[in-house]
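K.L.:
Dropping the sequence and predicted coords here.
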Amino acid sequence: MANLKILLMHPEGLLGKRIQKFLEEEGHTVKWVGDETGCRQCLDQEIFDGLILEVKPEGCRTTDLVRHAKKVHSFGIVICLVHPEQVSLALEAMEQGADGYIKTPFEDKELQIALDRLQEYRSLVGANFYLRRTQDLIYRFDDIIGDSQALKKVLSVVKKVAYSNASILIAGETGTGKELIAGAVHYNSARREKPFIKVNCAALQDTLLESELFGHEKGAFTGADKQRIGRFEQANFGTIFLDEIADMSPSTQAKVLRVLQEQEFERVGGTKTIKVDVRVISASNKDLKEEIAAKRFRDDLYYRLNVVNLWIPPLRERREDILPLAEYFLHRFSGEMSKKIVGFTPEAEAVLRDYEWPGNIRELRNSLERSVLLSEKEWIRPEDLSLHGLDEAGDSNDAKAIRMPEGGIPLVEMEKRLILEALERANWVQKEAAEFLGVSRRVMHYKIQKFGIRNPNWVKNK
Ligand SMILES: Nc1ncnc2c1ncn2[C@@H]1O[C@H](COP(=O)(O)OP(=O)(O)OP(=O)(O)O)[C@@H](O)[C@H]1O
Ligand SMILES: [Mg+2]
């Protein structure tokens, strides 16, 4: 049987000492607290596999305590110790979720047997739960569109591993759906009711990233005017998604490695060790093997993150997915924008199918959002898709990139397209987009209102 980390709530005395000694000799780790207040504090701060507590009439709050313990650690084992004349108290505790009771006085062996049985029972319940969940999953991946074998293969691995606690490393080019898959893993795991926290490691500099991940104490560095709880603490009992991990500094890499190995860390500028139970999913669009070879990424961290590896192929390698995805986005955006668009012309379908999609699904999605917004017709035509490189007849010279479509185009529509393109290039920062087009921010703002343009990131994934 596995070694357990057990919280023992028992008043100081010989019996408590005996239980502690016995459990430790059996290879378990024991934390001993004398009363309910101490017990509650421990339950809120650390993760235990089991709680052994004495139930007494005067300690009638023990039933609350059992309920609390089961709420915070639903898979932990709770065993009550009870005087034979007060068994009804233990039964009450069992109604609140306790797993069993032992009458005092008892032999050490009785405690051992109870623990073994409960562990066996737990793993059976866990396995059963797991099996049932993997069956249900099939119906819960509706948001992930695509019929290709390549995508099906990825999803079948996701279904298998979602329920474990294994770390997952997702690789794939930009826009292939790494974040979407990370979300699918979390929402199909036992942790789905708990937080799913995302951190983009490329977005923040060294110390800022460390403070983002691990939090900081007041005064830890200039500007740290109050204590801050980091993302790992926020993600406790849930999942953290570390995006673009290749961009972590060596010192952050060392700290993340420690969380993976020991489930603990200190806040920046702090001394208190904080324990967490967090599943880590990470992603990178750089080749981590190359980063390791160049000594920019720790190989020990790589192996910890890469317990399960998921590679999402680029869209051009699974062209069967293009049209189903295009249809999906077309209906979604025309619904959201209340536009009556029926579908694609055969020429537009061919363009979609043959295009290289360097920006993968994100590019497809953006292209369709733009087409739906701009299209005045029922059918989307190739020119509505305004894909890079297609209107340019093989000429990549920027000055010639703006081309009038064959049948002409109203000037106002051209203006709308340019504004959208500027916004996309500026990552939707209006000030920067205005600079691209040499207009003031006010003019940009006015045009955005006039054309009813919205940032696609405001549209939540449904
Ligand atoms: N199979 C799919 N079905 C539906 N939508 C998808 C699919 N794959 C990706 N998307 C959508 O495409 C967009 C890009 O996906 P996502 O953000 O997950 O990509 P990414 O790999 O994390 O990109 P990056 O490397 O740039 O961060 C999102 O809007 C996502 O919802
Ligand atoms: Mg991403």
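P.N.:
Cool, the structure landed. Ligands and ions are numbered 1, 2, ... in the order given.
K.L.:
which residues touch S156?
P.N.:
By C-beta atoms under 8 Å, 6 or more residues apart in numbering, S156 lies in contact with nothing. Heads up, the C-betas are built off the backbone N, CA and C, glycines and all.
K.L.:
Give me the pLDDT for it.
P.N.:
Confidence at S156, expressed as pLDDT, is 91.
K.L.:
same thing with the one 5 residues further on?
P.N.:
Each residue has a pLDDT score; the one for V161 is 91.
K.L.:
How about it: what's its closest non-neighbour residue?
P.N.:
In this structure, V161 finds its nearest non-sequential neighbour in V308, 4.9 Å apart by C-beta to C-beta, 6 or more residues apart in numbering.
K.L.:
Quick one: neighbours of the one you found, just the number.
P.N.:
The tally of other residues near V308 (other C-beta atoms under 10 Å) stands at 17.
K.L.:
Tell me if I'm right that it and S167 touch.
P.N.:
Yes. Between V308 and S167 there is a contact under C-beta atoms under 8 Å: 7.1 Å.
K.L.:
Mind listing the residues bridging to the residue nearest to V161?
P.N.:
I168 (DSSP bridges).
K.L.:
In this protein, what helix or strand scores lowest on average pLDDT?
P.N.:
Ranking every helix and strand in the chain by mean pLDDT, DSSP states H and E puts helix 108-137 at the bottom, with a mean of 67.
K.L.:
Tell me the first helix or strand C-terminal of that helix.
P.N.:
Note on helix 108-137: by DSSP states H and E, the next helix or strand toward the C-terminus is helix 149-161.
K.L.:
Would you mark the buried spots in stretch 143-156?
P.N.:
145-146, 148, 150-151, 154-155 (16 or more other C-beta atoms under 10 Å).
K.L.:
Can you give me the first-to-last residue distance of that stretch?
P.N.:
One end of stretch 143-156 to the other measures 15 Å (C-alpha to C-alpha, to the nearest Å).
K.L.:
and that stretch, how far out from the chain's middle?
P.N.:
19 Å (C-alpha atoms, centre = their mean, to the nearest Å).
K.L.:
pLDDT below threshold where in the stretch 251-400 of the chain?
P.N.:
388-400 (pLDDT under 70).
K.L.:
Okay, the residue nearest to V161 and Q205: tell me how far apart.
P.N.:
Distance of V308 to Q205, given as C-beta to C-beta, to the nearest Å: 30 Å.
K.L.:
L43 looks like it's in a helix, true?
P.N.:
Yes. Counting by DSSP: H, G, I helix; E, B strand; the rest coil, L43 falls inside a helix.
K.L.:
Touching, it and L7? I think so.
P.N.:
Yes. At 7.0 Å, L43 counts as touching L7 under the criterion of C-beta under 8 Å.
K.L.:
what do the two both touch?
P.N.:
L51.
K.L.:
what about these two, which has more around it?
P.N.:
L7 (25 against 21).
K.L.:
neighbouring contacts of the helix or strand hosting E369?
P.N.:
For E369, the host element (DSSP H and E) is helix 360-374. Contacts with helix 360-374, where a contact means C-beta under 8 Å, 6+ apart, come from 173-177, 314-315, 322, 325-326, 329-330, 333-334, 337, 339, 341, 352, 357, 359, 380, 384-387, 413, 416-417, 420, 424, 452-453, 456, 459.
K.L.:
at 7 Å what do you get?
P.N.:
With contacts defined as C-beta atoms under 7 Å, 6 or more residues apart in numbering, helix 360-374 is touched by 173-177, 314-315, 325-326, 329-330, 333-334, 337, 339, 341, 357, 380, 384-387, 413, 416-417, 420, 424, 456.
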